[in-house]
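>>> Mind folding the following:
(one chain, ligands or ions: 1)
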Amino acid sequence: MTAVNLITGASGGIGEELAYCAAKAGRNLVLVARSASELSRVADRIKASGHARPEIFALDLTEPNAGQKLADFLKQKSLTVSELVNNAGWGLVGAVASLDRDQQMNTIDLNIRALTDLTIRFLPEILNARGGILNVASTAAFQPGPFMAIYYASKSFVLSFTEALSYELRGRVRVTALCPGPVPTGFQKRANMGKARISQLPGMPPAKVAEIGWRGFERGKRVVIPGFMNKLTAFLGPRVPRKPVLAVTGYLTSHRRDT
Ligand SMILES: NC(=O)c1ccc[n+]([C@@H]2O[C@H](COP(=O)([O-])OP(=O)(O)OC[C@H]3O[C@@H](n4cnc5c(N)ncnc54)[C@H](OP(=O)(O)O)[C@@H]3O)[C@@H](O)[C@H]2O)c1
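I've put the predicted structure just below:
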């Protein structure tokens, strides 16, 4: 059996960059996302830079049996998971009352259900390898987010779950929550964020976020927040009274029509 680092959402954005970091650190990789062609592109690039070509598995993680399909794939390839990077995630801008119900539930299926399922499913192998879990949360985890309510709440779950797990597994497995602020990736377009004020905020390049996140993960940090402004957001979010926090976040996540 070969031990691998498994990265979800590795076909673009932060996940793609995390794959390059992990390959550079000498890990054997399994890359998961829906787009087989984009996963192939990333795997080819890793091979071209002199590392082992990652295994790729095109999968919609919101399918109810996605975790089992992934486990079956790994078993068939004689691979065990020593490190899990739960990066795949998405959200939608808009009011809960006006967004499509299925799409909103799909955010929970990906950001919460799939992340939790993969963590529980592969934990015995990760424990056995004394490996690690890197969950990608967000600075959204530190306060509620009107007009992106489910996304913000899902990232609060990711942060809370990851911190608790890091305590349960302390001394045995590295468990890290990576909490980026805005990062220009495919995320903004999929979130329909175009007109939202938050899309005007300066972002950190995905390669930089991944590099800082990977370094923190290697060092066994519990929470990694890249950049001073993001650290400040994370510090203030839980401390400032809720009323102004809701007003500011709601202002940023909305565009004129919603306010
Ligand atoms: N960008 C930001 O401003 C920002 C800030 C803070 C946190 N984050 C978090 O960072 C993580 C990565 O986001 P990103 O910015 O890199 O976004 P991205 O460029 O949209 O990448 C998302 C990745 O997830 C995959 N994915 C999406 N839905 C999937 C599904 N149903 N099943 C399997 N894979 C799926 C996508 O690939 P396919 O489309 O091929 O499936 C892609 O590889 C997310 O958890 C996001 O919440 C992003």
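
>>> distance of the closest residue to Gly91 other than its chain neighbours from Tyr20?
The shortest distance from Gly91 to any non-neighbouring residue, by CB to CB, 6 or more residues apart in numbering, is to Tyr151 (2.7 Å). From N, CA and C alone the C-beta is placed, and that goes for glycine too. Tyr151 is 26 Å from Tyr20, where distance means CB to CB, to the nearest Å.

>>> One more: Arg130?
Arg130 is 24 Å from Tyr20, where distance means CB to CB.

>>> Can you point out the buried residues in stretch 173-192?
Of the residues in stretch 173-192, 173-183, 185, 187-188, 191 count as buried by neighbour count, 16 or more other CB atoms under 10 Å.

>>> Could you single out the nearest of these to Thr119?
Comparing these against Thr119 with CB to CB places Val175 closest, at 9.2 Å.

>>> follow-up on the earlier one: between Arg130 and Tyr20, who's got more neighbours?
The residue with more neighbours, out of Arg130 and Tyr20, is Tyr20; 20 against 12, by other CB atoms under 10 Å.

>>> need the contact list for the more buried one.
45-46, 49, 207, 210 (CB atoms under 8 Å, 6 or more residues apart in numbering).

>>> change it to 7 Å
Ile46 (CB atoms under 7 Å, 6 or more residues apart in numbering).

>>> Is it correct that it falls within a helix?
Yes: assignment of Tyr20 by DSSP: H, G, I helix; E, B strand; the rest coil places it within a helix.

>>> let's number from 27 now, not from 1
Got it, first residue is 27 now, which makes that one Tyr46.

>>> Against the ligand, how distant is the nearest residue in space to Trp116 that is not next to it in sequence?
When the adjacent residues along the chain are set aside, Trp116 lies closest to Arg216, with 5.5 Å between them (CB to CB, 6+ apart). When CB to the nearest ligand atom, to the nearest Å is the yardstick, Arg216 and the ligand sit 5 Å from each other.

>>> Then Ala45?
10 Å.

>>> that older thread, which single one of the buried residues of stretch 199-218 is nearest to Pro264?
Within the buried residues of stretch 199-218, distances to Pro264 taken as CB to CB reach their minimum at Cys205, with 12.6 Å.

>>> Any residue of whatever helix or strand Ser192 lives in touching the ligand?
Assigning secondary structure by DSSP states H and E places Ser192 in helix 175-194. No: figure legend: helix 175-194 not in contact with the ligand (CB under 6 Å from any ligand atom); closest approach 6.7 Å.

>>> Show me what counts as buried in that helix.
In helix 175-194, the ones that count as buried by 16+ other CB under 10 Å are 175-185, 187-189, 191-192.

>>> Now for the buried residues of stretch 199-218: which two are most distant?
Farthest apart among those by CB to CB are Val199 and Gln214. That separation is 32.9 Å.

>>> Around the ligand, pick out the residues from the stretch 127-276 of the chain.
Looking at the ligand, the residues of the stretch 127-276 of the chain close enough under CB under 6 Å from any ligand atom are 136, 162, 164, 206, 208-209, 211-213, 216.

>>> Among the buried residues of stretch 199-218, name the ones in helices.
With helices defined by DSSP state H, the entries of these inside them are 213-214.

>>> coming back round to it: out of the residues of the stretch 127-276 of the chain next to the ligand, what pair is the most spread apart?
By the measure CB to CB, Leu136 and Pro208 form the most distant pair in these, at 19.6 Å.

>>> What distance do you get for Arg245 to Thr202?
As judged by CB to CB, Arg245 and Thr202 stand 9 Å apart.

>>> Kindly report the same for Leu55.
18 Å.

>>> quick one on the thing from earlier: which one of the buried residues of stretch 199-218 sits closest to Met27?
Distance from Met27 was checked for each of the buried residues of stretch 199-218 by CB to CB. The minimum falls on Val199, at 18.2 Å.
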